[in-house]
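Enquirer: got a structure for you, letters missing:
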């Protein structure tokens with residue numbers, strides 16, 4: 001069975017990696033596996049921990065089952081959640097469309 005991300009509209013929102021970058025080389029701080037998933041919109045930290053503990057996360061072909069595993073989140077880092085493949089993006093631009101006559 002396919003996994004669904006938390007949130008009603010997550011799958012309908014298209015994400016685009018932001019262009020640009022830093023001029024200097026910044027040191028990458030390692031983050032935990034569950035923080036990686038949370039930062040990419042997979043839900044709360046608790047839900048992300050559950051995904052990892054049940055064996056749904058694979059980073060660069062390696063199975064991750066400990067939510068506290070430290071990872072270096074480099075731009076474009078390949079990871080898989082269930083059967084869906086993704087790449088880590090540190091920033092994203094979200095585009096939304098509000099039709100004419102629609103009030104928020």
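Expert: Received it, and whenever you're ready, just let me know what you need. Owing to the predicted nature of the structure, the values given are computational and were not obtained by experimental measurement. Numbering: from 1, shown residues only.

Enquirer: mind listing what's buried in whatever helix or strand residue 47 lives in?
Expert: Here residue 47 is covered by helix 45-53, with elements defined by DSSP states H and E. Neighbour counts over helix 45-53 (16 or more other Cβ atoms under 10 Å) mark 48, 49, 51, 52 as buried. Where you see a C-beta, it was placed from the backbone N, CA and C, and this is true even at glycine.

Enquirer: which helices and strands does it pack with?
Expert: The helices and strands touching helix 45-53, judged by 3 or more Cβ pairs under 8 Å, 6 or more residues apart in numbering; DSSP states H and E, are helix 33-39.

Enquirer: list the buried ones in the helix it packs on?
Expert: 33, 34, 35, 36, 37, 38.

Enquirer: For that helix, which helices and strands make contact with it?
Expert: Packing contacts for helix 33-39, counted by 3+ Cβ pairs under 8 Å, 6+ apart, involve helix 45-53, strand 57-59, strand 70-71.

Enquirer: what's the second one packed up against?
Expert: On a contact count with 3+ Cβ pairs under 8 Å, 6+ apart, strand 57-59 meets helix 33-39, strand 62-64, strand 78-81.

Enquirer: contacts for it?
Expert: Residues outside strand 57-59 that contact it (Cβ atoms under 8 Å, 6 or more residues apart in numbering) are 33, 36-37, 51, 63-65, 71, 77-81.

Enquirer: what residues are up against the most centrally placed residue in the chain?
Expert: With distances taken as Cα atoms, centre = their mean, the residue of the chain nearest its centroid is residue 40 (2.1 Å). For residue 40, the contact set (Cβ under 8 Å, 6+ apart) comprises 86, 88, 89.

Enquirer: Please determine how far the first one is located from residue 94.
Expert: If I follow you right, that is residue 86. Note on residue 86: its distance to residue 94, by Cβ to Cβ, to the nearest Å, is 16 Å.
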